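[1] Here is the input, now give the coordinates:
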Amino acid sequence: MREKKLQLVISFESTANAMAVERFCLENDLPGRLIPVPKEITAGCGLAWKADVSKKDELVKAFEENDIIYDGMYEITI
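    Residues are numbered from 1 along each chain as shown. Next up, the predicted model:
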C-alpha cells in the first residue's frame, strides 16, 4: 500500500478551468498533475491539481501573475 502524505490539492469550478491549468502548468514547467477530486473535498468540478505541499508558494505566485482562477486550495493527507 502506498504511504499517504500531505499534499496540496487545488480544486476548480469547471472542467475547462482544470484543463486550462493543466496546460498552463505543463507549458511552464510547474509541478503537479491533474487528479480526481479526493473524497475529503466536496467542492469543485471533479478534477483537481495535486502537487507537493512545498510547491504551494510557487504555484500561488504563478497563478496570481497569470490570473489563473481556482475554487479552493487545500492541504490534505492523501
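[2] Relative to the whole chain's centre, how far out is the longest helix belonging to the chain?
    Across the chain, the longest stretch assigned as helix under DSSP state H is helix 15-27. Centre-to-centre, helix 15-27 and its host chain are 10 Å apart (Cα atoms, centre = their mean, to the nearest Å).
[3] Name the residues that touch that helix?
    With Cβ atoms under 8 Å, 6 or more residues apart in numbering as the test, helix 15-27 has contacts from 10, 12, 30-34, 45-49, 59, 62-63, 66, 68-71. All C-beta spots, glycine's among them, are computed from the backbone N, C-alpha and C.
[4] Could you rerun that using 6 Å?
    12, 34, 45, 47, 49, 69 (Cβ atoms under 6 Å, 6 or more residues apart in numbering).
[5] Can you name the residues that contact the second one?
    Think Leu34. Leu34 sits in contact with 22, 47, where contact means Cβ under 6 Å, 6+ apart.
[6] change it to 7 Å
    When contacts are counted by Cβ atoms under 7 Å, 6 or more residues apart in numbering, Leu34 is found next to 18, 22, 47, 49.
[7] What separation is there between it and Ala51?
    Using Cβ to Cβ, to the nearest Å, we find Leu34 at a distance of 11 Å from Ala51.
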